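1. I would like the atomic coordinates for the input below:
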Amino acid sequence: MSEAETSQSDPDSALRDRLVDAVANEAAFDGWTWTSIRAAARRLELPAGEAERLFPGGPLDVLAYVSERADQRMVEDLEAEGVINLKIRDRIRDAIRVRLERHVGNREAARRALALLALPFNAPLAAKLLYRTIDAMWYAAGDTSTDFNFYTKRATLAAVYSSTLLYWLNDRSPGSEATWGFLDRRIDNVMQFEKLKARARSWRPGDRIRTAARR
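-> Numbering: from 1, shown residues only. You can find the predicted model right below:
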């Protein structure tokens, strides 16, 4: 669903967007808390109780909204840029870069969001949001698999994205170039592993015997 369709289905979407953007600014200093939500509501001069109406679940509701909106915007950006015409490794690399560069937001706010999601009782939400992000990336990359590869692809990309996100949070290199170098290396490692798996699948017991005989 595009942002335009979201606006039609949810008349409060524009207001939610304004509020979560304001909360993200507050969260860089006070974390993802009710304090930040209420401070953001005051800054926007919202009526009393409006923030609670828009996000009754509080900070976790806000984080879920921010993550899902970022996934949606990432897909729209990638489709607009014609990423589907690239090689698969380049599609995945661009998906991760777009998600981090344009749609993660302030590094400190992102760091505090991860800290909140890392708490044991928030693990189910953290897993759900990560899965949705990875699934959106594969969707934008044109993945149509329905077999076991569907799950292995997502598990592999989850590891690459998560490690790159953590690296990016602490990267102070110009233009985050160190992060993009790290990402390229991780993708190269995955591609090499996939090649090894393909060779293993194509190997037949008789191959070793025939190889030895030729020697």
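2. Just give the closest residue to residue 165, not the sequence neighbours.
-> Computed as Cβ to Cβ, 6 or more residues apart in numbering, the closest residue to residue 165 that is not its neighbour in sequence is residue 100, at 6.7 Å. No exception for glycine: its C-beta is placed from N, CA and C like everyone else's.
3. how near is the one you found to residue 133?
-> In this view, residue 100 and residue 133 are 11 Å apart by Cβ to Cβ, to the nearest Å.
4. can you check residue 60 too?
-> Counting by Cβ to Cβ, the gap from residue 60 to residue 133 is 16 Å.
5. Counting neighbours, go ahead and name the busier of those two.
-> residue 133 (23 against 16; other Cβ atoms under 10 Å).
6. where's the residue most central in space within the chain, which helix or strand?
-> Central residue of the chain (Cα atoms, centre = their mean): residue 133, 4.0 Å from the mean position. Assigned by DSSP states H and E, residue 133 falls within helix 123-140.
7. For the next helix or strand after that helix, buried residues please.
-> Helices and strands here follow DSSP H and E; after helix 123-140, the next one along the chain is helix 148-169. Using 16 or more other Cβ atoms under 10 Å as the test for burial, helix 148-169 gives 153, 154, 156, 157, 158, 160, 161, 164, 165, 167, 168.
8. pLDDT below threshold where in the protein?
-> 1-8, 193-215 (pLDDT under 70).
9. which residues in it form helices?
-> Counting by DSSP state H, one finds helices in the chain at the ranges 3-9, 13-30, 34-43, 50-54, 59-80, 88-103, 107-117, 123-140, 148-169, 177-202, 205-214.
10. Output the helix holding residue 133 in PDB, but only the C-alpha positions, please.
-> The C-alpha coordinates for helix 123-140 follow below in PDB (Å, rounded to 0.1, in the frame of the first residue of the first chain):
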ATOM      1  CA  ALA A 123      11.700  -9.400  21.400                       C
ATOM      2  CA  PRO A 124       8.500 -10.400  19.500                       C
ATOM      3  CA  LEU A 125       7.900  -6.900  18.200                       C
ATOM      4  CA  ALA A 126      11.600  -6.600  17.300                       C
ATOM      5  CA  ALA A 127      11.500  -9.900  15.300                       C
ATOM      6  CA  LYS A 128       8.300  -8.900  13.600                       C
ATOM      7  CA  LEU A 129       9.600  -5.500  12.500                       C
ATOM      8  CA  LEU A 130      12.900  -7.000  11.300                       C
ATOM      9  CA  TYR A 131      11.000  -9.600   9.300                       C
ATOM     10  CA  ARG A 132       8.800  -7.000   7.600                       C
ATOM     11  CA  THR A 133      11.800  -4.900   6.700                       C
ATOM     12  CA  ILE A 134      13.600  -7.900   5.100                       C
ATOM     13  CA  ASP A 135      10.500  -9.000   3.400                       C
ATOM     14  CA  ALA A 136      10.000  -5.500   1.900                       C
ATOM     15  CA  MET A 137      13.600  -5.600   0.600                       C
ATOM     16  CA  TRP A 138      13.100  -8.900  -1.100                       C
ATOM     17  CA  TYR A 139       9.800  -7.700  -2.500                       C
ATOM     18  CA  ALA A 140      11.500  -4.600  -4.000                       C
END
